[in-house]
Each structure stands twice: as structure tokens, then as C-alpha cells.
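# the following block contains a protein sequence and its predicted model.
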Amino acid sequence: ETGVTQTPRHLVMGMTNKKSLKCEQHLGHNAMYWYKQSAKKPLELMFVYNFKEQTENNSVPSRFSPECPNSSHLFLHLHTLQPEDSALYLCASSQDAKNIQYFGAGTRLSVL
Amino acid sequence: EDQVTQSPEALRLQEGESSSLNCSYTVSGLRGLFWYRQDPGKGPEFLFTLYSAGEEKEKERLKATLTKKESFLHITAPKPEDSATYLCAVLGENTGKLIFGQGTTLQVKP
């Protein structure tokens, strides 16, 4: 285990559903990230939180809403998603925003 | 704009057949180049960080090297358990964001 835990591991949702992805890190890090990984494409950075403050929103549609209540927890709230949003969503953490990032196992999301 | 290109996209080797993976990059002020390994259904696992040209790092059968334009991941006498996708990423001073390549999927056959 890397010290970054993501739940659920798999999620199937309809386009009208609302769901949330959860990430928890046990490494004492101060920065947390959400990435999207689609087949045959590089990892895409979505959001960055540094000391609980959002420092990066990489032009992500508003149907994705992040929340970082403390340095150990990160959520990604999902609503009215599209089929093209189906992907592996990865959470990562690092000591600070310019250090080695450690990843969780990801949530495999399927939007029907 | 920071960019990372990995080649080949896929590589098949026989067990014991050494080879190299390439990561070419352009970045404004390199803060670090990172190699990760990703197994199917799992998140990327950190392998190495390289910070300056000429630097080398080793771990078991893997050795990473860095020049001003590219990095190589050399795999010596690979085993089937080395089969995975290897990801390269750069952290630039200007953007402060980790930019990933598409990865090289390695298959080692016994």
C-alpha cells in the first residue's frame, strides 16, 4: 500500500446521478491532487490543493466539484456526468506542491 | 509549453533480453524528472526522481539516466514480473505541474 487510499474502487453511475469519490492519505503530506486517466492518453491533472487551498483548476467542467476539508482528505463530487467522463480517477499526495507524488489505486468510473 | 513523449508505445521482450525505454521532454526549467510503474488496475508506483543531466539511479534491474533532452529507463535481464506500463513525467519551474507522457507498456515473456 502506498499510504493513499481511494474509495470506491469501482463506480457505475447514470448521467443524472450524484456521487462522490473519496481519497485519504496517511503520509502527513500537505498537497493533494486529482488526476483523470483515460485509455491511450497521458494522465490529466484536474485539481491541486496545497494546505487545503485549491491552487489549480485545470479547466475542469463544473460537473466535477472538489472538496478538501483537511490535509488528509480529498473528495471529488460528481453530478450530471457524460459518458466521456468514464475513466480511472487517481488521487495523489506529496509533501508539498513540488515534491514526489504518491498515488492511490484509483476509482474506475463508468458513466452510462 | 512543457511536453513529454515516450517511446516506444509498446515493447515485447523475452525474459533476459535487455532494452531501454525513452522519455523525451521539453520544459522551462526542470525541477525533476520522475519515473513511475503502473500495473493494470492500480495507481502509478514511484520509481525514481532525476534532477540534473548526468544523474543516474538504479533499483534492481532498472537504471534511469538523464540528459538535457531525454531520459532512459534501462532494463537489464528483465523478468515477467517487470511487465507493466512505465510512465515518465516532468516537473517544470514555470508551471509547477507534473506533466506525464503516454507511457510505454512493457511485456516480458518467459
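Received the coordinates, thanks. Numbering: from 1, shown residues only, chains lettered A, B, ... in the order given.

# let me know the secondary structure of the residue in chain B that chain A sits nearest to.
In chain B, the residue that lies nearest chain A is residue B:43 (3.6 Å; CB to the nearest CB). The way it works is simple: take the backbone N, C-alpha and C, and place the C-beta from them, glycine included. Following DSSP: H, G, I helix; E, B strand; the rest coil, the label given to residue B:43 is coil.

# ok, it - contacts?
A:2, A:4, A:6, A:90, A:92, A:103-106 (CB atoms under 8 Å, 6 or more residues apart in numbering or on different chains).

# from residue A:73, how far out is the closest residue to it other than its chain neighbours?
Among residues not flanking residue B:43 along the chain, residue A:103 sits closest, at 3.6 Å (CB to CB, 6 or more residues apart in numbering or on different chains). Noted for residue A:103: a distance of 16 Å to residue A:73, by CB to CB, to the nearest Å.

# wait, the residue nearest to residue B:43 sits on residue A:88?
No. Counting by CB atoms under 8 Å, residue A:103 sits too far from residue A:88 to count as a contact (10.6 Å).

# these two: who's more crowded?
residue A:103 (24 against 19; other CB atoms under 10 Å in any protein chain shown).

# what's the neighbour count on residue B:54?
Neighbours of residue B:54 (other CB under 10 Å): 9.

# tell me which residues touch the residue in chain B sticking out farthest from the centre, please.
Distance from the centre of chain B peaks at residue B:110, with 22.6 Å (CA atoms, centre = their mean). By CB under 8 Å, 6+ apart, the contact set of residue B:110 is B:15, B:80.
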